[in-house]
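Student: I'd like to go over a predicted model; first the sequence, then the structure.
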Amino acid sequence: MIRIRRSSERGHANHGWLDTYHTFSFADYHDADFMGFRDLRVLNQDRVAAGEGFPRHGHRDMEIVSYVLEGALEHEDSMGNGSQMHPGEVQLMSAGTGVLHSEYNASRKDPLHFLQMWILPALPSTKPRYEQKAFSESERRGRLRLVVSPDGADGSLTIGQDVRLFAGLLDGAERVQHELPAGRDAWLHVARGRLALNGQALGPGDGAAIVDERTLTLDKGEGAELVLWELARG
């Protein structure tokens, strides 16, 4: 079964400096039918104006994954990390017992566009940690590149939950087939462009809950950039 969540159905808030869409309930947006999916609790698509951002604030007991689509994201945290992220880079911050961090658009003239995704951890009160890695366009072109996993497989970032995140770019005649292991479902998010999922058309900002499906076919891409979470049913 595939249940499509259209972009226009998402929660939306425009604060001037921040234009944000919420796939699931977040902050002042509440939808009892979309509180999350399996261990995926938050999937926000944010556009941040030049020089603006999120001042220092705290998190705990959450696995936070950021994926940059356009621009540069500047990160600082109470663990002593300070870095910039660019398109194709993935950041994983395991908040554990608690961490403070800030996120800003590193540019004074160009906008920032990124995804922020939260995963519920398998264990509470773990030691906070941070990872960041770039995945080239060639690694993601015409395929699903594993970027986050519980065991760091294939050079992916290591998350404290039984989930796997894939990132892909799809255009023209490119076609991807992905087999979901038994007992696992998936959430697909089309960050940009268009594609077809098992024959169903998805556009920018659309998502899909994938339940009791074994084979996923992604094709008919038109400048598509996507992420796919593979999640245990639990």
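Tutor: Done, it's in. Every value quoted in this text rests on a predicted model; they were computed, and no experiment measured them.
Student: so which bits of the longest strand seen in the chain are buried?
Tutor: The residue-count maximum for a strand in the chain (DSSP state E) belongs to strand 215-232. Using 16 or more other Cβ atoms under 10 Å as the test for burial, strand 215-232 gives 216, 218-221, 224-232. All C-beta atoms are positioned from the backbone trio N, CA, C, and that covers glycine.
Student: report the rounded mean pLDDT for that strand.
Tutor: Averaged over strand 215-232, pLDDT sits at 98.
Student: what does stretch 75-91 give?
Tutor: The model assigns stretch 75-91 a mean pLDDT of 95.
Student: what does it contact?
Tutor: For stretch 75-91, the external contacting residues (Cβ atoms under 8 Å, 6 or more residues apart in numbering) are 56, 65-74, 93, 99-103, 106, 114, 128-137, 140, 147-148, 157, 165, 167.
Student: mind listing which of these are in strands?
Tutor: 56, 65-70, 73-74, 93, 99-103, 114, 129-134, 147-148, 157, 165, 167.
Student: returning to what we had before: report the two of the buried residues of strand 215-232 separated the most.
Tutor: Using Cβ to Cβ, the buried residues of strand 215-232 reach their maximum pairwise distance at Lys220 and Ala232, which is 29.4 Å.
Student: in a strand, Leu123, correct?
Tutor: No. Leu123 is assigned coil when assessed by DSSP: H, G, I helix; E, B strand; the rest coil, not a strand.
Student: how far does the longest strand of the chain sit from its chain's centre?
Tutor: 12 Å (Cα atoms, centre = their mean, to the nearest Å).
Student: Arg194: how many residues sit nearby?
Tutor: For Arg194, the neighbour count with other Cβ atoms under 10 Å is 17.
Student: quick one: it from Leu216, how far?
Tutor: Separation of Arg194 from Leu216 (Cβ to Cβ, to the nearest Å): 16 Å.
Student: do Gln161 as well
Tutor: Distance from Gln161 to Leu216, by Cβ to Cβ: 21 Å.
Student: ends of stretch 207-224, what's the gap?
Tutor: Chord length of stretch 207-224, first to last residue, is 13 Å (Cα to Cα, to the nearest Å).
Student: so Ser156 touches Val147, yeah?
Tutor: Yes. At 5.3 Å, Ser156 counts as touching Val147 under the criterion of Cβ atoms under 8 Å.
Student: flag the shaky bits of the protein, pLDDT-wise.
Tutor: By pLDDT under 70, the chain has no low-scoring segment.
Student: one more pass at 80, please.
Tutor: For the chain, the stretches with pLDDT under 80 are 234.
Student: what about Glu120, how many residues nearby?
Tutor: Rather than Glu, residue 120 is Leu. For Leu120, using other Cβ under 10 Å, the count is 18.
Student: err, Ala201, not the other one
Tutor: 11.
Student: confirm that it sits in a strand.
Tutor: Yes. Checked against three-state DSSP, Ala201 lies within a strand.
Student: excluding its backbone neighbours, what's nearest it?
Tutor: In space, Ala201 comes closest to Arg194 once its chain neighbours are excluded; the distance is 6.9 Å by Cβ to Cβ, 6 or more residues apart in numbering.
Student: need the contact list for the one you found.
Tutor: By Cβ under 8 Å, 6+ apart, Arg194 lies in contact with Ala201, Leu202, Gly203, Pro204, Lys220, Gly221, Glu222, Gly223, Ala224.
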